[in-house]
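> All I have is the shape, not the residue letters:
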């Protein structure tokens, strides 16, 4: 009898795993189709995603005004949104002209920076060739670098163009951000109703399955809220510290690099690389091809990221998402390739955390439970 129960449990486990694999395959096919649609609609979706992130950040302030000052929801939303737009406008009035001027100079001098970096790389390769003359590995490495660098540049340019392309193109991508305050107002004003009644809009009858869906989506939402609230603040602090550090070593365009990191820093790891590349190119050009300034730039980034890893991220986010750094890096590459643009990289960690919730609830915990039951059955059979 005990052996039959054990066989039945194992058979149920196998069927359960088969269903999970089938569901994952169907979800993957669905995601592939959605990725093609999202890639085209990125100019529309990215501003909505940005408004959603700011809504996560500002909603606690709205709740605070409602509870402390007993203001109505609409009045609290208007006060918070008005204050946010006022501060943002004042910051932009000071920041935009400086960043615009530095960005314009950087773009105009980019060919010079790239040319000096290429000259530096060629001199370095020539030095190695002379030092290791006749070494086939060095010759093969030189040929590979000469072939791959243009391909990598074209790939990066193509990725940026696809991120800014789609419905309206680059101009429409920028103009669509004008709608961010409108999206933000509706998100904040409707947040309370959405929290209380969103499950009523699910096209399902009241049942245990619907209750389970609501529970899963609530857990996923907790991950998303914690992640975006923390990541925005971390990105801002990293950009601020990087600007201060680069300013201290006398690097040109330090403010532009800091602002760039504050924006693209929402994408873990990749944002650091995106901001570090122009910083190193500027350092090579400004330093006349010497090692001193690029080394100082690398030191600044290393110090800021060490502070981030030891103090900033643990204090702000902690282990809220619970993803290993290697998992985060792989997820950014995977979702960035799947969605073929910026929105995939931006949503990589939340989407991976969503899959983690599903795996934890329906595979890892179920497998552990069945394993415990099997051990218990085996123990009972042995005692009998």
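Structure received. Predicted model only: the values in this text are computed from it and were never measured.
> Give me the mean pLDDT for stretch 283-292.
Stretch 283-292 shows a mean pLDDT of 78.
> Over to it now: how far is its first residue from its last?
9 Å (Cα to Cα, to the nearest Å).
> Quick one: the helices in the stretch 201-350 of the chain, in order.
Assigned by DSSP state H, counting those that start in this stretch, the stretch 201-350 of the chain shows helices spanning 208-248, 254-264, 270-286, 292-307, 313-316, 325-339, 342-346, 348-359.
> Mind putting those into CSV with distance to residue 193?
C-betas here are computed from N, CA, C, even on glycine. Compiled in CSV, the helices of the stretch 201-350 of the chain are given as follows (distance: least, Cβ to Cβ, whole Å):
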stretch, distance to residue 193
helix 208-248, 15
helix 254-264, 31
helix 270-286, 34
helix 292-307, 40
helix 313-316, 29
helix 325-339, 30
helix 342-346, 27
helix 348-359, 23
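> With respect to residue 95, which of those helices lies nearest?
helix 254-264 (6.8 Å; Cβ to Cβ).
> The closest one: which residues count as buried?
Residues of helix 254-264 classed as buried: 254-262, 264 (neighbour count, 16 or more other Cβ atoms under 10 Å).
> Now the two most distant members of the residues you listed.
Greatest spacing in the buried residues of helix 254-264, by Cβ to Cβ: 254 and 264 (16.0 Å).
> Around residue 279, how many other residues sit close by?
Residues contacting residue 279 under the criterion other Cβ atoms under 10 Å number 26.
> ok, it to residue 114 distance?
If you measure residue 279 against residue 114 using Cβ to Cβ, to the nearest Å, the figure is 14 Å.
> Over to residue 29?
Residue 29 is 41 Å from residue 114, by Cβ to Cβ.
> Who has more neighbours out of these two?
Relative neighbour count places residue 114 above the other of residue 29 and residue 114, with 14 against 10, counting by other Cβ under 10 Å.
> And the more buried one, what's its pLDDT?
Reading off the model, residue 114 has pLDDT 71.
> can you pull the contacts of the nearest residue to it once chain neighbours are set aside?
Of all residues not flanking residue 114 in the chain, residue 281 sits nearest, at 6.6 Å (Cβ to Cβ, 6 or more residues apart in numbering). Contact analysis of residue 281 by Cβ atoms under 8 Å, 6 or more residues apart in numbering lists 110, 113-114, 116-117.
> what's the answer for residue 77, then?
Contact partners of residue 77, counting by Cβ under 8 Å, 6+ apart, are 62, 185, 188-189.
> which among the residues you listed gets closest to residue 346?
The closest of the contacts of residue 77 to residue 346 turns out to be residue 188 (Cβ to Cβ; 20.8 Å).
> State the number of residues packed around residue 208.
As a burial measure, residue 208 scores 7 neighbours (other Cβ under 10 Å).
> mind checking how far it is from residue 344?
34 Å.
> Next: residue 363.
Distance of residue 363 to residue 344, computed by Cβ to Cβ: 24 Å.
> How about residue 352?
Counting by Cβ to Cβ, the separation of residue 352 from residue 344 is 11 Å.
> More neighbours: those two, which one.
Neighbours per residue, other Cβ under 10 Å: of residue 352 and residue 344, the larger number sits with residue 344, 24 against 19.
> From residue 308, how far out is the more buried one?
Distance of residue 344 to residue 308, computed by Cβ to Cβ: 23 Å.
> try residue 45
Distance, residue 45 to residue 308, using Cβ to Cβ: 28 Å.
> Compare those two (neighbour count), which wins?
Just comparing residue 45 and residue 308: by other Cβ under 10 Å the higher neighbour count belongs to residue 45, 22 against 19.
> Would you tell me what the next helix or strand after the helix or strand in which that one is found is?
Using DSSP states H and E, residue 45 sits within helix 2-68. Toward the C-terminal end, the helix or strand that comes next after helix 2-68 (DSSP H and E) is helix 73-131.
> And the pLDDT for residue 31?
65.
> actually residue 93, sorry about that
We have a pLDDT of 86 for residue 93.
> now do residue 345
pLDDT recorded at residue 345 is 71.
> cool, residue 237 as well?
pLDDT for residue 237: 91.
> How about residue 376?
Reading off the model, residue 376 has pLDDT 56.
> One more: residue 302?
With respect to pLDDT, residue 302 scores 93.
> same thing with the one 10 residues further on?
With respect to pLDDT, residue 312 scores 79.
> just the one 10 residues further on next, same as before
pLDDT, the model's per-residue confidence, is 64 for residue 322.
> Same check on the one 10 residues further on?
The predicted local confidence for residue 332 comes out at a pLDDT of 76.
> same question, the one 5 residues further on
Model confidence at residue 337, expressed as pLDDT, equals 72.
> Distance check, it against residue 350.
With Cβ to Cβ as the criterion, residue 337 and residue 350 are 17 Å apart.
> for residue 249, same thing?
Per Cβ to Cβ, residue 249 is found 35 Å from residue 350.
> Number of residues surrounding the closest residue in space to residue 58 that isn't next to it in sequence?
Excluding its sequence neighbours, the residue lying closest to residue 58 (Cβ to Cβ, 6+ apart) is residue 80, at 5.4 Å. Neighbourhood size, residue 80 [other Cβ under 10 Å]: 20.
> quick one, what contacts residue 80?
Here residue 80 is in contact with 58, 61-62, 65, 188 (Cβ under 8 Å, 6+ apart).
> I'd like those residues as CSV, with distance to residue 97, neighbour count and pLDDT appended.
Below are these laid out as CSV (distance: Cβ to Cβ, whole Å; neighbours: other Cβ atoms under 10 Å; pLDDT from 0 to 100):
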residue, distance to residue 97, neighbour count, pLDDT
58, 26, 20, 88
61, 29, 17, 89
62, 32, 24, 89
65, 33, 18, 89
188, 30, 24, 88
